[in-house]
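> Whatever this is, show me its structure:
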Amino acid sequence: MTSEPSVDQLICARYLLPIATPPLEQGALALAQGRVVAVGNQAELLARYPGALQTDFGEALVLPCFVNAHTHLELTDYPLWQRHIDFALQASPEAPPEGFTAWLLQLIRLKKTLGRDAEIYRRSWHSGLQQAQASGTGYLGDIVTTPELLDDAARLLPGRVYVEILGQDPAAVHAQLQRLEDAIFRWPQQHWGVAPHAPYTLSDELLRLSFRQAAARQWPCTIHVAESSDEVALLENSSGPMASQLYPFVHWQQHLSPPRHLRPLQAVEQAGGLRPDCLLVHGVHLTTPDIHHIAEAGAILVLCARSNAYLACGTPPVAELVRQGVPLALGTDSLASNSSLSLWDEIAFCHQQFGEVLTPPRLLRMATLGGAQALGLRDIGQLTPGYRASFQVLRPQRLPPLAELGQFLCQPQRGDEVIALYRDGQPVALS
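The predicted structure is shown next:
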């Protein structure tokens, strides 16, 4: 019989939300070597482990740290870059773009203006990680486009690093895939993955190549899919703003194929990307048959609803996704299309938009255990014996009765009340 490890710390608070089990009032966590040993009533655990160091947060709430399943941290300073460029050009602040393709063009122009100074993106990436952690996020699925950031991401990102694959040039795509191979060899301790950007930025052949290599190497994948109506028009009819504006702007006219009469998800499926280890992102324009295919494949979808709203992409078919049993997680995307990297803000928005379907318990599960499952992180996302002691602590001005706790946690600005973040039993600096 295996003996119980020596408990070195007790974490106490008025409320404890384990996620997989009901909330506890006057709850406590017993920790040993960075993992949860026991969850229960404060008095009982204090009596069972009298020698453990006690940290009592008092009138506070402890729950698993969040898992942000889709970010682009290197774009965190996008609003700052835009303001600086407007100032340098003595231009009026640029209004939000009208439509998805217009936003893409704005982003491409801005990146061209910034040039290839990796330090700009490094500062932005670090700022994003700090902002996410300050609002209770302990793990992220981050897409890295700038090669010089891979060292930072490998050493510092808690979660999974996805290397982005983008473009119509076979040589460039092969180089990006090789970059991932090299990163895995150099930093084997990190969780890696591959991110073919989208069906509209990779040819059918290069999309197949990316997924084929991922399958051969057993790399987890993630891909943007069915995010906008512009994407749908391009893939179905080779028409719309992507065909008339984006492709000419990036000199891809020769890659504009005849109408393929494919939905975005069909393009991913035909390329070999619809499988359990390929994390789908956005899904705003999925059809009911699309959703059936996702459910059958056992794939997970990340909702980025605030980003979709900002870009006027539409509203994801959440009710149908839930009805068909598609596993869901939450992501913030980047500050190029969102106002914060806080999953608390994402929860509040989703509760307002989809509250009849996305109940408080479901939203909290999507932000914790759902995100962990999306990134293939098997021992985080809930506070239960054997799992990593990774959690956040909120101290609101007033805590509600236990029966009202779920609704309370889905209100705006909860992220401002995070006072502590622990990963593997150790506190994480929030500033």
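> Can you tell me what sits against the helix or strand hosting residue 125?
Following DSSP states H and E, one finds residue 125 within helix 118-134. The contact list for helix 118-134 (C-beta atoms under 8 Å, 6 or more residues apart in numbering) reads 68, 71, 73-78, 81, 114, 140, 146, 148-149, 152-153, 156-157, 332, 334-335, 340-342, 415, 418, 421, 428, 430-431. Backbone N, C-alpha and C define where each C-beta goes, glycine included.
> Check which residues of it are buried.
120-122, 124-129, 131-134 (16 or more other C-beta atoms under 10 Å).
> residues near the nearest residue to residue 389 once chain neighbours are set aside, how many?
By the measure of C-beta to C-beta, 6 or more residues apart in numbering, the closest residue to residue 389 outside its immediate chain neighbours is residue 425, 4.0 Å from it. Neighbour count for residue 425, taken as other C-beta atoms under 10 Å: 19.
> who's in contact with residue 425?
9, 31, 33, 34, 35, 388, 389.
> Now do the second one against residue 383, distance only.
Per C-beta to C-beta, to the nearest Å, residue 31 is found 10 Å from residue 383.
> Now do whatever helix or strand residue 421 lives in: which elements does it pack against?
Residue 421 is part of strand 418-423, with elements assigned from DSSP H and E. With contacts defined as 3 or more C-beta pairs under 8 Å, 6 or more residues apart in numbering; DSSP states H and E, the secondary structure elements packing on strand 418-423 are helix 118-134, strand 137-144, strand 391-394.
> give me that answer again for 7 Å
Counting contacts by 3 or more C-beta pairs under 7 Å, 6 or more residues apart in numbering; DSSP states H and E, strand 418-423 packs against strand 391-394.
> what is the mean pLDDT for the strand it packs on?
Mean per-residue pLDDT for strand 391-394: 98.
> Tell me the buried residues in the strand holding residue 421?
Result for strand 418-423 [16+ other C-beta under 10 Å]: buried residues 418, 420, 421, 422, 423.
> Low-confidence bits of this structure, can you list those?
By pLDDT under 70, the low-scoring segments of the chain are 1-4, 86-96.
> Which residue ranges make up the domains of it?
The chain breaks down by automatic domain parsing into domains covering 9-65+382-427, 67-374.
> Break down the stretch 1-150 of the chain into its helices, ranges please.
42-48, 78-88, 100-114, 118-134, 150-156 (DSSP state H, counting those that start in this stretch).
> Determine which stretch of those helices is the most buried.
Among these, helix 118-134 has the highest mean neighbour count (mean count of other C-beta atoms under 10 Å), at a mean of 19.
> Determine the angle, from 0 to 180 degrees, between that helix and helix 100-114.
Helix 118-134 runs at 130 degrees relative to helix 100-114, counting by axes from the mean of the first three to the mean of the last three C-alpha atoms, to 10 degrees.
> chain center to helix 118-134: distance?
The chain centroid and the centroid of helix 118-134 are separated by 15 Å, computed with C-alpha atoms, centre = their mean, to the nearest Å.
> Now it - C-alpha only, CSV.
Output in CSV follows, covering the C-alpha atoms of helix 118-134 (Å, rounded to 0.1, in the frame of the first residue of the first chain):
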residue,chain,number,x,y,z
ALA,A,118,12.3,41.0,-32.8
GLU,A,119,12.7,43.0,-29.6
ILE,A,120,9.4,44.8,-30.3
TYR,A,121,7.6,41.4,-30.4
ARG,A,122,9.5,40.1,-27.4
ARG,A,123,8.4,43.0,-25.2
SER,A,124,4.9,42.5,-26.4
TRP,A,125,5.0,38.8,-25.7
HIS,A,126,6.2,39.3,-22.2
SER,A,127,3.6,41.9,-21.5
GLY,A,128,0.9,39.6,-22.7
LEU,A,129,2.0,36.7,-20.4
GLN,A,130,2.1,39.1,-17.5
GLN,A,131,-1.4,40.5,-18.2
ALA,A,132,-2.8,37.0,-18.6
GLN,A,133,-1.3,35.8,-15.3
ALA,A,134,-2.5,38.9,-13.5
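> ok, residue 344 - contacts?
Taking C-beta atoms under 7 Å, 6 or more residues apart in numbering, we find residue 344 in contact with 135, 136, 414, 415.
> let's go with 8 Å and repeat that
Contacts of residue 344 (C-beta under 8 Å, 6+ apart): 66, 135, 136, 413, 414, 415, 418.
> Quick check: the gap between the second one and residue 9.
Between residue 135 and residue 9 the computed distance is 24 Å (C-beta to C-beta).
> Of these two, which one has the most company?
Taking neighbours as other C-beta under 10 Å, residue 135 and residue 9 compare with residue 135 leading, 24 against 18.
> The more buried one touches residue 348, doesn't it?
No - using C-beta atoms under 8 Å, residue 135 makes no contact with residue 348, being 11.7 Å away.
> Can you name the element that comes right after the helix or strand containing residue 179?
Using DSSP H and E, residue 179 sits in helix 170-186. The helix or strand immediately downstream of helix 170-186 is strand 191-196, counting by DSSP H and E.
> After that next one, which helix or strand is next?
With DSSP H and E, the next secondary element past strand 191-196 is helix 204-217.
> Only the buried residues of that next one, if you could.
Applying 16+ other C-beta under 10 Å to helix 204-217 flags 206, 207, 208, 209, 210, 211, 213, 214 as buried.
> what's that helix packed up against?
Looks like helix 204-217 contacts helix 170-186, strand 191-196, strand 221-225, helix 264-270 (3+ C-beta pairs under 8 Å, 6+ apart).
> okay, the ones you listed in CSV with mean neighbour count and distance to residue 234 next?
Output for the helices and strands packed on helix 204-217, formatted as CSV (neighbours: other C-beta atoms under 10 Å; distance: least, C-beta to C-beta, whole Å):
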stretch, mean neighbour count, distance to residue 234
helix 170-186, 15, 19
strand 191-196, 24, 16
strand 221-225, 27, 13
helix 264-270, 23, 9
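> Serialize these to JSON lines and add fields for distance to residue 16.
Formatted as JSON lines, the helices and strands packed on helix 204-217 follow (distance: least, C-beta to C-beta, whole Å):
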{"stretch": "helix 170-186", "distance to residue 16": "38"}
{"stretch": "strand 191-196", "distance to residue 16": "28"}
{"stretch": "strand 221-225", "distance to residue 16": "32"}
{"stretch": "helix 264-270", "distance to residue 16": "40"}
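> Distance of residue 221 relative to residue 425?
Residue 221 sits 31 Å away from residue 425, going by C-beta to C-beta.
> what does residue 222 give?
For residue 222, the distance to residue 425 equals 29 Å [C-beta to C-beta].
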